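Participant: Sequence and predicted structure below; questions after.
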Amino acid sequence: MTTLTWAGVARDRDRRLQLLQEYGVYAALAVLFVVAVGLDSSFLSVGNVRIQLFQVAPTLLVALGMALVIGTEGIDLSVGAVIALSAAVVPLYLGYGLPTALLIALLLGAVSGAVSGAMVAFARIQPIVATLSLMIGVRGLSEIVNGNSAKPVVQSGLLSLGSNSFAGVPVMAWIAAGCAVLAGLVVRRTTFGRQLVAIGDNRQASRLSGLPVRRVLVTVYVISGALAALAGVMIIGHGAEADPAHQGLNMELNAITAVVVGGTPLTGGRVRVLGTVAGALFMQLITAVLTQHNVPTSYTQIVEAAIICFAVYASQERGSR
């Protein structure tokens, strides 16, 4: 009888953890939104909503790539440095037109991701070590390319990308939303998505069953790098300035937080794209609310650290049972 009782308690606990992992971020986002509006009714103003969408779009792009990487039980710490490299390179090629500059930035981001993926897939270096080394190297390269100084951006096409809206929604947000829809379709509807999840669940078994493990690993890091480069283009277009020394700093941490809070476990084997979107919005709202009420940045970072620790705990606790 005691055994049955404890088994029932364990099942109830697992069920609560599952509900928390799958729906907790949406409930938390709704509660936070109500609190934000209650504290300041102007939070719902068109101008403020547009500001929040402008700010969350680059983070969401990076988080989508990070979610795919984490789904393979990896991590990509180089995304912030790739943003800096994009900021350094784009102004150099704007004279050839925005499409050319954008293509070069995306290509460099993809190459950076390919290097990370090759180190993980072929050299079998731990993802955290491979991407950490690339983060340091790419950040240094970006500062060398840019001359270690901020440069204004005046190209009208790029500024339009970073400031214009369509149907009242920033173009940046439309692009990020489109990438989220595409990522969701890839994960749920394609063979590549199923392979990605399988590799994250059990890499050795996937290799023995004939899945193209190396190709999938390299591809997810290439996607992550390209999305980070696109985020860098958005950042410099919105800020009208290229500053590789500061742009992209801590972006990898913001992206990881959004992914984990959204319910994607760091142990891999699952990718929650919609949860990642909600996680990015949730973290953006927290920052916005605390900033609007003059809470120091240091306290904001402590709150964010507590949130990610709780999210990781909930994920690992469920996975261990």
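Facilitator: Great, that's in hand. Numbering: from 1, shown residues only.
Participant: now the helices for the stretch 1-150 of the chain?
Facilitator: Remark: helices assigned in the stretch 1-150 of the chain by DSSP state H, counting those that start in this stretch are 2-39, 46-71, 79-93, 98-121, 127-146.
Participant: Save the ones you listed as a markdown table, and put in mean neighbour count, distance to residue 185 and mean pLDDT too.
Facilitator: Yep, even glycine has a C-beta here, placed from its N, CA and C like the rest. As requested, the helices of the stretch 1-150 of the chain are arranged in a markdown table below (neighbours: other Cβ atoms under 10 Å; distance: least, Cβ to Cβ, whole Å; pLDDT from 0 to 100):
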| stretch | mean neighbour count | distance to residue 185 | mean pLDDT |
| --- | --- | --- | --- |
| helix 2-39 | 13 | 20 | 74 |
| helix 46-71 | 24 | 12 | 95 |
| helix 79-93 | 27 | 22 | 93 |
| helix 98-121 | 21 | 20 | 96 |
| helix 127-146 | 19 | 25 | 92 |
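Participant: Nearest to residue 169, out of those helices?
Facilitator: Closest approach to residue 169 among the helices of the stretch 1-150 of the chain (Cβ to Cβ): helix 46-71, 6.5 Å.
Participant: which strands and helices sit next to that closest one?
Facilitator: In terms of contacts (3 or more Cβ pairs under 8 Å, 6 or more residues apart in numbering; DSSP states H and E), helix 46-71 is packed against helix 79-93, strand 169-170, helix 171-189, helix 191-201, helix 213-239, helix 251-261, helix 273-292.
Participant: quick one on the thing from earlier: got CSV for the helices of the stretch 1-150 of the chain, with distance to residue 212 too?
Facilitator: As requested, the helices of the stretch 1-150 of the chain are exported to CSV (distance: least, Cβ to Cβ, whole Å):
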stretch, distance to residue 212
helix 2-39, 29
helix 46-71, 15
helix 79-93, 24
helix 98-121, 10
helix 127-146, 18
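Participant: tell me the contacts of the residue sitting nearest the centre point of the chain?
Facilitator: By Cα atoms, centre = their mean, the chain has its centre lying nearest to residue 63, at 1.1 Å. By Cβ atoms under 8 Å, 6 or more residues apart in numbering, the contact set of residue 63 is 254-255, 258-259, 262, 276, 279-280.
Participant: With residue 195 instead?
Facilitator: Applying Cβ under 8 Å, 6+ apart, we find residue 195 in contact with 206, 211-212, 216.
Participant: now residue 145
Facilitator: 85, 88-89, 92, 244.
Participant: do the same with residue 291
Facilitator: Per Cβ under 8 Å, 6+ apart, neighbours of residue 291: residue 300.
Participant: how close does residue 292 get to residue 197?
Facilitator: Separation of residue 292 from residue 197 (Cβ to Cβ, to the nearest Å): 39 Å.
Participant: So which of these two has more stuff around it?
Facilitator: residue 197 (19 against 14; other Cβ atoms under 10 Å).
Participant: That one against residue 188, yeah?
Facilitator: No. Judged on Cβ atoms under 8 Å, residue 197 makes no contact with residue 188 at a distance of 9.7 Å.
Participant: re the thing from before, for residue 149, find the nearest of the helices and strands packed on helix 46-71.
Facilitator: helix 79-93 (10.5 Å).
Participant: chain center to that closest one, what's the gap?
Facilitator: Its chain's C-alpha centre and that of helix 79-93 lie 17 Å apart, by Cα atoms, centre = their mean, to the nearest Å.
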